[in-house]
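Enquirer: Here is a sequence with its predicted model. Questions after.
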Amino acid sequence: MATVLRSLRSLPLARFVRQAPKAQVQVRAFSLSAIRSAGHGPPQLLGPGAKPGTVPTDEEQATGLERFELLGKLEGVDVFDMNPIEMTRMGTVDEPIPIYSLFPERHVGCTGFPADSHDTIWMTVDNKLKNHRCPECGCVYTLNFQGDPALLEGGGHHH
């Protein structure tokens, strides 16, 4: 028996072991997968960068929100519109104060009419209700939405 075992030791073991078939693995780039291509993110705001050996300008190196604001200023648009709302009258249900917005909602701080009649009351003015009323002074605001209509239908994905 020992001679039989010694003779088997010299033979390759692979002849006696049945190998399971190997699974075929498909290799693909992550950017081609369904999960990656299903959502569409915002456009990438990247500058061209500086040429080798030079110092980049603001236009060349700015990215993201900074580049968005810079490009807006070059076009003459204040993209964040941080100016206060001009209150020339008290907003009523029949004639509410329109709040310009590029997004379906905007935060508004009411100080009353005339200005500084009460402490600032912050409200969210959106397109779900026609009018929004300040609980302190009763001034009425409405959203003047001027943005992309796809945002109203839920097209603005937030992650």
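Expert: Now that the structure is in, tell me what you want to look at.

Enquirer: Next one: the residue nearest to Thr63 when sequence neighbours are not counted from Pro96, what distance?
Expert: With C-beta to C-beta, 6 or more residues apart in numbering as the criterion, Thr63 has its nearest non-adjacent residue at 5.4 Å, and that residue is Leu46. Where C-beta positions appear, they are placed from N, C-alpha and C, glycine not excepted. The gap separating Leu46 from Pro96 is 41 Å, by C-beta to C-beta, to the nearest Å.

Enquirer: wait, doesn't Arg67 sit right on Thr57?
Expert: No - the pair Arg67 and Thr57 fails to qualify as a contact (C-beta atoms under 8 Å) at a distance of 12.0 Å.

Enquirer: Quickly find the element holding Trp122.
Expert: Applying DSSP states H and E as the criterion places Trp122 in strand 121-126.

Enquirer: hmm, back to that, when Leu46 and Pro96 are compared, which one has more neighbours?
Expert: Pro96 (19 against 11; other C-beta atoms under 10 Å).

Enquirer: Can I get the longest helix seen in the chain in CSV, CA atoms only?
Expert: Longest helix of the chain, by residue count under DSSP state H: helix 64-75. Only the C-alpha atoms of helix 64-75 are listed here, as CSV (Å, rounded to 0.1, in the frame of the first residue of the first chain):
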residue,chain,number,x,y,z
GLY,A,64,-17.8,75.3,-8.5
LEU,A,65,-19.9,78.1,-6.9
GLU,A,66,-17.1,80.6,-7.1
ARG,A,67,-16.9,80.1,-10.9
PHE,A,68,-20.7,80.2,-11.2
GLU,A,69,-20.7,83.6,-9.4
LEU,A,70,-17.7,84.9,-11.5
LEU,A,71,-19.3,83.9,-14.8
GLY,A,72,-22.6,85.5,-13.7
LYS,A,73,-20.8,88.8,-12.9
LEU,A,74,-19.1,88.7,-16.3
GLU,A,75,-22.6,88.5,-17.8
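
Enquirer: Stretch 68-76: which residues count as buried?
Expert: Neighbour counts over stretch 68-76 (16 or more other C-beta atoms under 10 Å) mark 68-70 as buried.

Enquirer: ugh, wrong one, stretch 86-101
Expert: For stretch 86-101, by 16+ other C-beta under 10 Å, it's 87, 90-91, 96-97, 99, 101.

Enquirer: I'm done for today, thanks for sticking with me.
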